[in-house]
Structures are given as structure tokens and as C-alpha cells.
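Visitor: Sequence first, predicted coordinates after that:
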Amino acid sequence: MKNKFYSFIEELQETITSKLEEIDGSAKFHEDLWKRPEGGGGRTRVIENGGVFEKGGVNISAVHGELPKSMQTYFGVVDADFYACGLSLVLHPVNPMVPTVHANWRYFEMYDKEGAIVDQWFGGGLDLTPYYLFEEDVRHFHSVCKASCDAHDPNFYKIYKKKCDDYFWNSHRNEARGVGGLFFDYCKVTETMSIENWYDFVTEVANGFLKAYIPIVIKRKNLSYSNKQRTWQEIRRGRYVEFNLVHDKGTLFGLKTNGRIESILMSLPPHVQWKYDHHPEEGSEEAVLLEVLENPKSWV
């Protein structure tokens, strides 16, 4: 399974980066191949200063070795080895009318000292972070997410949409990072789902990413915007940074397993502002967005 899924994310990285370069029209992805001293490595691709994307990354990695003590405590195991592979992407557009997007899909195995698999699971999802609220864009994004879920279980969308709203919650701000999508983790073998069934589900969600996001980019990338709107985008990017550094489990795992720091932190936007005690004007477009972030809603 680990070889099968890694082959899938290798091909998916190529598909996504090629499409994003086509949409951007000027910038190309810079590629870094890297190795982890304890075992494994990855292929990082970063785009910067483009016509559409100010900064973004589409990374794949496969790392393995002894599970660090801190993570053994987290998982409640002793003397365990692990293998983890996945694709992670974040895109920060130039135009504040185009939302930031994040996605990742990952597979994890844990072994005893004889090398036997003692646990395995899939995880991942995709979520949207707009700076200005176009409800039809959010409904489109969630409709694609729901279609991917419905192909496997009619209950999946409701469950994983709620998990996404709960996970991407900046509790210290009492607001969501964005307008959600899907989030799933520890997708293990059950009576109704084999590991192959989970592979089929996760890859369907992953293959739907471009369908969910690219139409929004095309629709909004040429809209005009003001300096004031750009400032609001940078203030909201600050909340994005706060979530990634304070709450995100993927960032924590990467840092605690001696991951490649440049790849881990590629999710951070290049231009950010923190304004003291900033509040949007009542009734403004910015305030409309904030109301939705403070009170997550159903979109489809």
C-alpha cells in the first residue's frame, strides 16, 4: 500500500503543478529534492512571485525510521518504527478576491521491532480560505467535496465537513481559519472499509482538488482590488500563520520528526500584517466574511 500510494502522489504532484503553471502564466515551480538523515526524503516544488500565485508549494515526501520519543508518547506506543508519505499543498494568490487553498493526503504505517505492521491509516482533506466571500465559490468547492464523499458513503461529507470546521478553528481567536471543506484522519480498517477502500476514497478526494479550486481561480484572478483590500488580505493571512504555528498537527509532526524546515514552513505567506486590535467596519464586506468565520454554516 505504501508504494502504491506514493506512486499516486508522485503523479498527482506532476498533474497539479503543471495545471497551476498553466493558470499562472508566468511563474514556474522550483524543485528541490531532499533527503532526511534518519530515513526518507521528498520532492518540494515551490512557486513564487507569479502572475496569479504570490507563493505556493506542492510537496511530496516519504519518511521512515524510529518514531521519536515525543511521538511515541503521543501515540501511546513504545519502541515503534514508522513510515509516512503524503502530498501537501498551500497556494497564496496575489489577488485578494482569489482564496488561499490548502490540501493534503497522507498514509501512515507503524511497525514493531520485527517490522510487522501494527497500525496503518490514511488522512487528509482540503479547505478554502477566502478573503472576500463569494458564496457561489464556496458552494462550488463544497459540492465537489460532497460528490467525492457520496461516491463512497452518503454519511462521509457531513462527518468530514464537521471535522474540518472543528479542526481548522483558531480557538485563541474564536473563529475559523476559512470556510472549510473536508478533514479526515486515522482512517483505519473497519467492518465496512478495508485499507483498499480507504485508498479509493482518499485518491478520489485528491483527484477532485483541481475541479474544486481551479474554476474559482479562473473566475476571480482578474478582478480589480484596492490597497485597502490587499491590506485586509494580509491581516487575514496573519490568522492563517497563527493557526499553522499554534494548532496544526502536520506542522508539529514535521518539526518533531526532524522534517525539512523549508518544506514544512512553505505554507506561510510572504506578506503578512498584524494590526493591533483590528476590526472591520460594521456592514462591510470584510465584516460579512468575519461573521461566517465566527459561525460556520452549511454550504450544500
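Guide: Thanks, I have the structure now. All of these numbers come straight from a predicted model, not from anything done at the bench.
Visitor: From now on I want contacts and neighbour counts done on CA atoms only, so please keep to that.
Guide: Fine.
Visitor: count of residues packed around the nearest residue to N207 once chain neighbours are set aside?
Guide: Of all residues not flanking N207 in the chain, L12 sits nearest, at 7.6 Å (CA to CA, 6 or more residues apart in numbering). L12: 18 surrounding residues under other CA atoms under 10 Å.
Visitor: Pull out the buried positions in the strand or helix carrying L12.
Guide: Per DSSP states H and E: L12 is located in helix 2-24. Residues of helix 2-24 classed as buried: 2, 5-6, 8-10, 12-13, 16-17, 20-21, 23-24 (neighbour count, 16 or more other CA atoms under 10 Å).
Visitor: and of these, the nearest to H278?
Guide: D24 (32.1 Å; CA to CA).
Visitor: And the closest residue to the closest one other than its chain neighbours, how far from H172?
Guide: Nearest non-adjacent residue to D24, counting by CA to CA, 6+ apart: V52, 4.9 Å away. Distance, V52 to H172, using CA to CA, to the nearest Å: 31 Å.
Visitor: Between these two, point out the one with more neighbours.
Guide: Legend: neighbour count by other CA under 10 Å for V52 and H172, higher for V52 (24 against 10).
Visitor: list the contacts for the more buried one?
Guide: Applying CA atoms under 8 Å, 6 or more residues apart in numbering to V52 gives the contacts 23-25, 93-95, 221.
Visitor: just to revisit the earlier point, for the helix holding L12, the distance to its chain's centre please.
Guide: 15 Å (CA atoms, centre = their mean, to the nearest Å).
Visitor: which residues sit against whichever helix or strand comes after that helix?
Guide: The element immediately downstream of helix 2-24 (helix or strand, assigned by DSSP H and E) is strand 30-35. With contacts defined as CA under 8 Å, 6+ apart, strand 30-35 is touched by 41-47, 260.
Visitor: Hmm, which of the residues you listed is lowest in pLDDT?
Guide: pLDDT across these is lowest for R260, at 82.
Visitor: count of neighbours near that one?
Guide: R260: 17 neighbours (other CA under 10 Å).
Visitor: can you pull the contacts of it?
Guide: Taking CA under 8 Å, 6+ apart as the criterion, R260 is in contact with 34, 36, 254.
Visitor: For those, which single residue is the most surrounded?
Guide: For the contacts of R260, the largest number of neighbours (other CA under 10 Å) sits with R36, at 17 neighbours.
Visitor: so how far is I214 from that one?
Guide: 33 Å.
Visitor: Equivalent analysis for V77, please.
Guide: Distance of V77 to I214, given as CA to CA: 42 Å.
Visitor: Out of the contacts of strand 30-35, grab the one that's most surrounded.
Guide: Tallying neighbours with other CA under 10 Å puts T44 at the head of the contacts of strand 30-35, with 25 neighbours.
Visitor: What are the phi and psi values at the closest residue in space to it that isn't next to it in sequence?
Guide: Leaving aside its sequence neighbours, T44 sits nearest to N59 (CA to CA, 6+ apart; 4.4 Å). When read as degrees, to the nearest 10, the backbone of N59 gives phi -120, psi 140.
Visitor: Pretty sure N59 sits against L89.
Guide: Yes: counting by CA atoms under 8 Å, N59 touches L89, with 6.2 Å between them.
Visitor: Specify the local secondary structure of the residue lying farthest from the centre of the chain.
Guide: Largest separation from the mean C-alpha position in the chain: E114, at 33.8 Å (CA atoms, centre = their mean). Here E114 takes the coil state, with states given by DSSP: H, G, I helix; E, B strand; the rest coil.
Visitor: what number of residues lie near H271?
Guide: Neighbours around H271, by other CA under 10 Å: 14.
Visitor: what about it, which helix or strand?
Guide: H271 belongs to no helix or strand, assigned by DSSP H and E.
Visitor: who's in contact with it?
Guide: Residues near H271 by CA under 8 Å, 6+ apart: E234.
Visitor: can you give me phi and psi for it?
Guide: phi -130, psi 120.
Visitor: can you tell me how far I9 sits from E114?
Guide: In terms of CA to CA, I9 sits 28 Å off from E114.
Visitor: any idea where the strands of the protein begin and end?
Guide: 30-35, 40-48, 53-66, 81-93, 100-111, 117-129, 169-170, 175-176, 180-187 (DSSP state E).
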